[in-house]
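Peer 1: pasted the sequence and its predicted model underneath.
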Amino acid sequence: MGRDVIIACDFPNAETTLAFLDRFTGRKPFVKIGMELFYGAGPDIVRTVKARGHQVFLDLKLHDIPNTVKKSMTVLRDLGADIVNLHAAGTVRMMEAALEGLTRPDGSRPLLIAVTQLTSTDQTALENELLIKKNMADVVMHYALNARMAGLDGVVCSPLEAAAVHEVCGADFLTVTPGVRFAEGDKGDQKRVMTPAEAAKAGSDYIVVGRPITAAADPVAAYERCIREFVG
């Protein structure tokens, strides 16, 4: 897997999603299937999108006791997703259990990455609401190191933290970064953001882009702009 743009298909049903993807004639963009679409359309949406030739990031952010997460990953592993994720806050043991559940009898598995801190969380919320009295960058690095210790393939982090994650966890440790907006775009509910070009310079391996593409007047043109700015 090389540097790429992942489109966050945050739609409520399969019909809207497939109609959206039909607009990308001759292209098969990497697709993120998150909670809204997965809960609205069910597991078959992963199989359907994969059958159309797309790579899939299944963004369900599992976070529960280790045994429950392990069993859930065992169910998810055969849907065909290329990347699956969970919350690093669930502890190293939970991440290890997830990896066990995600690994098939033949040893193959999707990539597994951990969410460090959501890009909608800022330092004030970290301290006052989550009661984590540490600098955001230090918290992200600690969670990333825990994920690497557990045997995971990478993390979800802000593009602001991608370079530091690579520095402490290695160049081959994936950074998948939401919180990407065009320079003139609305940040919405995101707090820690960069443009696609800035994310590329910061060392992000993948950027996850939703509304700047899906809500654009011309989503295909917006996607191609992301590719130009991020991949070159």
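Peer 2: Alright, I've got the coordinates.
Peer 1: could you use CA atoms for every contact and neighbour count after this?
Peer 2: Will do.
Peer 1: do you know how far residue 103 is from residue 137?
Peer 2: Relative to residue 137, residue 103 is positioned 31 Å away (C-alpha to C-alpha, to the nearest Å).
Peer 1: how about the helix ranked longest in the chain: buried residues?
Peer 2: Criterion DSSP state H: the longest helix present in the chain is helix 136-149. Across helix 136-149, burial judged by 16 or more other C-alpha atoms under 10 Å covers 136, 139-148.
Peer 1: now do stretch 161-170
Peer 2: 161-166, 169.
Peer 1: in the residues you listed, find the pair that's most separated.
Peer 2: Spatial extent of the buried residues of stretch 161-170 (C-alpha to C-alpha) is set by the pair 161 and 169 at 11.9 Å.
Peer 1: could you measure from residue 27 over to residue 223?
Peer 2: Here the criterion is C-alpha to C-alpha. By it, residue 27 lies 11 Å from residue 223.
Peer 1: centre of the chain to stretch 140-158, how far?
Peer 2: Its chain's C-alpha centre and that of stretch 140-158 lie 13 Å apart, by C-alpha atoms, centre = their mean, to the nearest Å.
Peer 1: quote the end-to-end distance of it.
Peer 2: Stretch 140-158: ends 9 Å apart by C-alpha to C-alpha.
Peer 1: average model confidence for it?
Peer 2: Per-residue pLDDT over stretch 140-158 has a mean of 97.
Peer 1: follow-up on the earlier one: okay if I get the buried residues of helix 136-149 as CSV plus distance to residue 38?
Peer 2: Below are the buried residues of helix 136-149 laid out as CSV (distance: C-alpha to C-alpha, whole Å):
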residue, distance to residue 38
136, 30
139, 29
140, 27
141, 30
142, 30
143, 26
144, 26
145, 29
146, 28
147, 25
148, 27
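Peer 1: excluding sequence neighbours, find me the nearest residue to residue 53.
Peer 2: residue 28 (6.4 Å; C-alpha to C-alpha, 6 or more residues apart in numbering).
Peer 1: right, and the one you found touches residue 51 too?
Peer 2: No - proximity of residue 28 to residue 51 does not meet the contact threshold set by C-alpha atoms under 8 Å, at 11.1 Å.
Peer 1: which of the two has more residues huddled nearby?
Peer 2: Set side by side, residue 28 and residue 51 show more neighbours around residue 28, with 14 against 11, by other C-alpha atoms under 10 Å.
Peer 1: now the more buried one: how far from residue 13?
Peer 2: Taken as C-alpha to C-alpha, the span from residue 28 to residue 13 is 19 Å.
Peer 1: over to residue 232?
Peer 2: Here residue 232 is placed at a distance of 32 Å from residue 13 (C-alpha to C-alpha).
Peer 1: same question for residue 22.
Peer 2: From residue 22 to residue 13 the distance is 15 Å (C-alpha to C-alpha).
Peer 1: burial count for residue 213?
Peer 2: 22.
Peer 1: next up, identify which helix or strand it is on.
Peer 2: helix 211-214 (DSSP states H and E).
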